[in-house]
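A.B. asks: coordinates for the following, if possible.
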Amino acid sequence: MQCFESGQVLVLPTEGTLINREGPSRFRVLYSIEDILRHYDLKTDEVLRQFGAIPFVAQVPEGEELEHAEIYRHLPGVKAAIPNFHVSPQAKATKLEIDIYRPRIDAAIESLNAQSRADFCGRNVKIAVIDTGIEPSLLSNSSRIHPRQFATDSPDSAGTSPYDPTGHGTTVAYIINQIAPAASILSVKMMEQTGNVGGLIAAMFVAEAEFKPDIYNLSLAISCDLDSCGSCGNPLGPSAAINASQLSLLFELMDRRAIYLNDKPLLVAAAGNGSRNIRMPASFSNVLAVGSYDLTTLSFPPYCRYKSVSQDRFILAPGGLNDQANAFGHIEGNVFSREGTFFFGTSFSAAFVTGIAARYLCAPKGGPCGGLLASFTTSRDYIMQCFSRDSERAVPGYTPKSHGIGVVRYGH
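C.D. replies: Residues are numbered from 1 along each chain as shown. Model prediction:
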């Protein structure tokens with residue numbers, strides 16, 4: 001079982017290159033992200049100007065995805081090409097109703113000094129939650145959820161009211177909403193049990209076209225390990241590094257906002273569960289990777305132990321454990337699993353970091369939150385300065401090589 005979509009390669013053209021849809025073509029285009037933008041009546045001109053080019057998914061013979069990606073990379077007009085890798089939420093999800101453990105989440109928030117002082121915390125900050133969707137009725141301040149939810153895994157007719165068939169995205173949004181209740185949240189649904197890179201990149205393009213988020217919450221990861229296939233375990237060899245480098249080019253497009261709007265969004269991503277390496281996209285140089293830390297035992301949980309981490313863009317937050325006493329939610333059992341499924345992992349660690357990031361950004365955005373720093377360059381740089389200043393490093397055995405910036409803590 002491979003860890004990318006059969007017969008699909010995601011292609012990023014070079015700036016100014018258009019897809020030839022007429023006559024003979026090197027590509028058999030399954031769909032373009034531009035098609036999804038137009039499907040939702042979102043303006044493509046500004047997005048094209050900002051990003052320079054819009055990716056598309058090409059159909060190739062099944063079993064030849066890696067070979068065709070390599071061929072495409074050497075064609076004129078192609079900047080990047082990779083198999084359409086699977087993306088999964090970094091916690092188990094299912095189509096059953098979830099019980100969010102609100103008191104436990106609130107206790108974790110309080111331990112990070114991030115409890116909301118008032119309903120206006122996070123005002124003027126915009127967050128994109130790219131996940132399984134959001135069920136607003138389960139949030140404390142549901143009025144801050146954008147009324148229109150977009151979907152890139154299965155685009156509907158015209159956008160719809162937010163909903164979540166698994167509960168994963170809702171739990172992530174609940175944590176963010178508790179910490180920064182006045183922050184506006186846009187939900188883009190790009191997966192249920194799993195999704196793919198094409199849907200993830202499309203979701204980010206949709207968010208840019210509709211919302212221009214200050215913060216992206218990506219509680220997800222590429223299913224393939226950097227060294228081996230996450231599904232089958234087979235070594236990926238040299239192509240792993242090439243594919244990682246190619247995919248990073250797609251995420252670097254987010255930095256181009258600085259050229260036109262003098263700002264960069266903060267990208268917050270789950271570091272991944274049960275992997276030796278930080279998973280993509282958290283491993284990319286313009287993304288803040290979030291791992292899990294057990295505040296009770298002051299140690300790493302068993303699913304969050306990496307060979308190495310970035311010393312200046314890796315941070316820790318509560319992730320919970322796979323048991324009744326420590327999880328952040330639970331899905332009732334059925335005939336297949338009597339015990340049900342507990343919600344825990346770096347997905348939820350990322351949500352704590354996103355919520356605190358929104359609180360920090362509230363002040364320079366003109367909101368009522370305190371603690372404005374003297375210098376402000378971009379939203380991303382400002383928030384990272386705050387994290388560097390306030391994160392907790394007085395934990396047993398702290399070293400930047402394993403703990404990165406430290407355990408996240410709100411400093412105001």
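
A.B. asks: Pro76: neighbour count?
C.D. replies: Pro76 is flanked by 7 other residues according to other CB atoms under 10 Å. To be clear about C-beta, it is placed using only N, CA and C from the backbone, and glycine gets the same treatment.

A.B. asks: cool, and the one 5 residues further on?
C.D. replies: Close neighbours of Ala81, defined as other CB under 10 Å, add up to 26.

A.B. asks: contacting residues around it?
C.D. replies: Residues near Ala81 by CB atoms under 8 Å, 6 or more residues apart in numbering: 9-12, 68-70, 72-73, 246.

A.B. asks: and the residues you listed, which is closest to His330?
C.D. replies: Leu10 (35.4 Å; CB to CB).

A.B. asks: what distance do you get for the closest one to Asn243?
C.D. replies: Per CB to CB, to the nearest Å, Leu10 is found 10 Å from Asn243.

A.B. asks: and these two? which has more neighbours close in?
C.D. replies: Per other CB under 10 Å, whichever of Leu10 and Asn243 has more neighbours is Leu10, with 29 against 25.

A.B. asks: if we go by neighbour counts, what in the host helix or strand of the more buried one is buried?
C.D. replies: For Leu10, the element it lies in under DSSP states H and E is strand 4-13. Residues of strand 4-13 classed as buried: 4-5, 7-13 (neighbour count, 16 or more other CB atoms under 10 Å).

A.B. asks: how about stretch 117-136?
C.D. replies: 121-136.

A.B. asks: please enumerate the helices of the stretch 301-412 of the chain.
C.D. replies: With helices called from DSSP state H, counting those that start in this stretch, the stretch 301-412 of the chain shows them at 346-362, 379-390, 400-403.

A.B. asks: show residues contacting stretch 52-62.
C.D. replies: 6-17, 19, 27-34, 37, 44, 47-48, 68, 72, 79, 84, 198, 201, 205, 250, 253, 256.

A.B. asks: looking at those, which are in helices?
C.D. replies: 33-34, 37, 47-48, 68, 72, 198, 201, 205, 250 (DSSP state H).

A.B. asks: where are the low-confidence patches of the stretch 101-250 of the chain?
C.D. replies: Judged by pLDDT under 70, the stretch 101-250 of the chain has its weakly predicted residues at 156-159, 224-239.

A.B. asks: go with 80
C.D. replies: Scanning the stretch 101-250 of the chain with the threshold set as pLDDT under 80 gives 155-159, 223-241.

A.B. asks: show me where it has strands.
C.D. replies: Using DSSP state E, counting those that start in this stretch, the strands found in the stretch 101-250 of the chain span residues 126-131, 150-151, 184-189, 195-196, 215-218, 220-222.

A.B. asks: would you mind measuring from the nearest residue to Ser6 once chain neighbours are set aside to Gly7?
C.D. replies: Among residues not flanking Ser6 along the chain, Glu62 sits closest, at 4.7 Å (CB to CB, 6 or more residues apart in numbering). Counting by CB to CB, the gap between Glu62 and Gly7 amounts to 4 Å.

A.B. asks: same thing with Asp214?
C.D. replies: 37 Å.

A.B. asks: show me which of the contacts of stretch 52-62 are buried.
C.D. replies: Buried among these (16+ other CB under 10 Å): 7-13, 19, 27, 30-34, 37, 44, 47-48, 68, 72, 79, 84, 198, 201, 205, 250, 253, 256.

A.B. asks: ok, Ser143 - how many residues close by?
C.D. replies: Close neighbours of Ser143, defined as other CB under 10 Å, add up to 11.

A.B. asks: which parts of stretch 34-46 are buried?
C.D. replies: Quick answer for stretch 34-46 (16+ other CB under 10 Å): 34-37, 39-40, 42, 44.

A.B. asks: make TSV from the ones in helices among the contacts of stretch 52-62 and add distance to Gln178 to it.
C.D. replies: Below are those laid out as TSV (distance: CB to CB, whole Å):
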residue	distance to Gln178
Ile33	33
Glu34	37
Leu37	32
Val47	32
Leu48	37
His68	45
Tyr72	44
Gly198	32
Ile201	29
Phe205	29
Leu250	32
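
A.B. asks: now, which of those sits nearest Tyr306?
C.D. replies: Of those, the one sitting nearest to Tyr306 (CB to CB) turns out to be Leu250, at 23.1 Å.

A.B. asks: for that closest one, give me its contacts.
C.D. replies: So Leu250 contacts 10, 12, 55, 80, 197, 201 (CB under 8 Å, 6+ apart).

A.B. asks: what about it, distance to Ser161?
C.D. replies: The value you get for Leu250 to Ser161, if CB to CB is used, is 29 Å.

A.B. asks: that older thread, redo the contacts of Leu250 as a markdown table? Include distance to Leu373.
C.D. replies: Shown next, in a markdown table, are these (distance: CB to CB, whole Å):
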| residue | distance to Leu373 |
| --- | --- |
| Leu10 | 38 |
| Leu12 | 35 |
| Pro55 | 36 |
| Ala80 | 35 |
| Val197 | 35 |
| Ile201 | 32 |
